[in-house]
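Participant: I'll drop the sequence and a predicted model, then ask my questions.
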Amino acid sequence: MVLHIVESNGDAMESAITLKGQATIPKAIREHLRLKPGDRVKFFVHPDGSVVLLPKVSASALRGILKSRRRSTVTIDEMREAAAEGAASARHRARRR
């Protein structure tokens, strides 16, 4: 059995499967996925039979990936006021129907 990997530029790479079922991920793929020794990967089998290998990313590694949309802190009174405005707006829209 041979693990057949195709690079995005179309060049194929191969890796032999050992008796233990292990395969070496080619260096170009490890570099592309930024894999280091000890990293874990996930395999996904698609309905068409193709297999995708992706690095498993821990939740802590995702920290800070999105910009915070938090504004300054909001007081309870400001929350109540916003809720009352929303409710009034909803009642107004309901009456127009």
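Facilitator: Cool, the structure landed.
Participant: tell me, what residue is most central in the protein?
Facilitator: The C-alpha lying nearest the average C-alpha coordinate of the chain belongs to V57 (CA atoms, centre = their mean; 7.9 Å).
Participant: mind checking pLDDT for that residue?
Facilitator: Per-residue pLDDT puts V57 at 78.
Participant: which residues touch it?
Facilitator: Applying CB atoms under 8 Å, 6 or more residues apart in numbering to V57 gives no contacts. Where you see a C-beta, it was placed from the backbone N, CA and C, and this is true even at glycine.
Participant: what's the distance between it and R63?
Facilitator: Going from V57 to R63 by CB to CB, to the nearest Å gives 11 Å.
Participant: just checking, A23 touches I29?
Facilitator: No - counting by CB atoms under 8 Å, A23 does not reach I29; the two are 10.8 Å apart.
Participant: helices of this protein, start to end?
Facilitator: Here the chain has its helices, by DSSP state H, at 27-32, 76-96.
Participant: need the winner for burial among these.
Facilitator: Of all the helices of the chain, helix 27-32 has the most neighbours on average by mean count of other CB atoms under 10 Å, namely a mean of 13.
Participant: pLDDT below threshold where in this protein?
Facilitator: 1-10, 61-62, 65, 67-71, 92-94, 96-97 (pLDDT under 70).
Participant: can we see that at 50?
Facilitator: Low-confidence segments of the chain, defined by pLDDT under 50: 1-2.
Participant: how about the strands in it?
Facilitator: Along the chain, counting by DSSP state E, strands occupy 2-6, 12-16, 41-45, 51-55.
Participant: can you list the strands that the second one pairs with?
Facilitator: Strand 12-16 has the following sheet partners, assigned by DSSP bridges: strand 2-6 (antiparallel).
Participant: equivalent analysis for the third one, please.
Facilitator: In the sheet containing strand 41-45, the strands it pairs with under DSSP bridges are strand 51-55 (antiparallel).
Participant: who's in contact with the strand it pairs with?
Facilitator: Contacts for strand 51-55 (CB under 8 Å, 6+ apart): 25, 29, 33-35, 39-46.
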